[in-house]
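**Student:** next comes the sequence, and after it the predicted model I'd like to discuss.
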Amino acid sequence: GAVVSQHPSWVICKSGTSVKIECRSLDFQATTMFWYRQFPKQSLMLMATSNEGSKATYEQGVEKDKFLINHASLTLSTLTVTSAHPEDSSFYICSAVQGFDTEAFFGQGTRLTVV
Amino acid sequence: DAKTTQPPSMDCAEGRAANLPCNHSTISGNEYVYWYRQIHSQGPQYIIHGLKNNETNEMASLIITEDRKSSTLILPHATLRDTAVYYCIVRVTGTASKLTFGTGTRLQVTL
């Protein structure tokens, strides 16, 4: 299957700082990318949907000013957690879709710990 | 997207077939059934998807009932590496629509 790479795999940051997570589709052009968050022993929760060159669509309850998403090219989307706090500690996962009626491929996830 | 219902957990002996059920009684005609799995601390892995016909690939088989209200994912010869949470998801066709994850089934493969 297609490869989606996330970077970094894990990050520890201090409370109040910002963290950027990158999601790249390595061997295909992703028309749409999705960002999820997963807390321990819970399922994945969709945060936002981003299409290349347009603003992201956020799910209800997700603060767009806190979780900044940029999808500047067909192979790269970034999620920036601004002014991170300990409650933002979680497993963040991106996925990418090449087109319509195709499966979504997922990155390996980024474990964020805010101390 | 229609909701799905899966048993929270299942056990399977290594080498035996693992049959994971999923109910999606409110599925619409333009919705596919997708299966993904997530091994601990990794991103989900695509397994298989189908619309109304049964599907098979190198990983698994997908059996969809004629009324499309339920489906079964079959891992023909489960191994310890198949231990994971398996998610059944329905998704609208014709768009790059989002995948909404439910709680999934935690499959434990044992010796």
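**Tutor:** That came through fine.

**Student:** name the residues of chain A found near chain B, please.
**Tutor:** A:1, A:4, A:6, A:31-32, A:34, A:36, A:43-46, A:49, A:51, A:91, A:93, A:95, A:97, A:99-109, A:111 (Cβ under 8 Å from any Cβ of the partner chain). From N, CA and C alone the C-beta is placed, and that goes for glycine too.

**Student:** of those, which belong to strands?
**Tutor:** A:4, A:6, A:32, A:34, A:36, A:45-46, A:49, A:51, A:91, A:93, A:95, A:97, A:104-106, A:111 (DSSP state E).

**Student:** and residue B:71, which helix or strand is it part of?
**Tutor:** Residue B:71 is part of strand B:70-75, with elements assigned from DSSP states H and E.

**Student:** could you point out which element follows that strand?
**Tutor:** Next along the chain after strand B:70-75, taking DSSP H and E as the criterion, comes strand B:84-92.

**Student:** neighbouring strands of that following strand in the sheet, and parallel or not?
**Tutor:** strand B:31-38 (antiparallel), strand B:105-110 (antiparallel) (DSSP bridges).

**Student:** hey, which of the ones you listed is tucked in deepest?
**Tutor:** Each of the strands paired with strand B:84-92 was scored by mean neighbour count; the highest is strand B:31-38, a mean of 22, by mean count of other Cβ atoms under 10 Å in any protein chain shown.

**Student:** now the residue most central in space within chain A. Nearest residue, chain neighbours left out?
**Tutor:** Nearest residue to the geometric centre of chain A (Cα atoms, centre = their mean): residue A:35, 3.6 Å. Residue nearest to residue A:35 in three dimensions, not counting chain neighbours: residue A:47, with 4.6 Å by Cβ to Cβ, 6 or more residues apart in numbering or on different chains.

**Student:** would you confirm that the one you found contacts residue A:62?
**Tutor:** Yes - between residue A:47 and residue A:62 there is a contact at 4.9 Å, judged by Cβ atoms under 8 Å.

**Student:** the two - which one has more neighbours?
**Tutor:** Between residue A:47 and residue A:62, residue A:47 has the larger neighbour count (other Cβ atoms under 10 Å in any protein chain shown), namely 23 against 17.

**Student:** ok, the more buried one - contacts?
**Tutor:** Taking Cβ atoms under 8 Å, 6 or more residues apart in numbering or on different chains, we find residue A:47 in contact with A:35-37, A:58-59, A:62, A:67, A:79.

**Student:** hmm, back to that, give me the beta-bridge partners of the residue nearest to the centre of chain A?
**Tutor:** Beta-bridge partners, per DSSP bridges, of residue A:35: residue A:48, residue A:94.

**Student:** having no further points to raise, I will conclude here.
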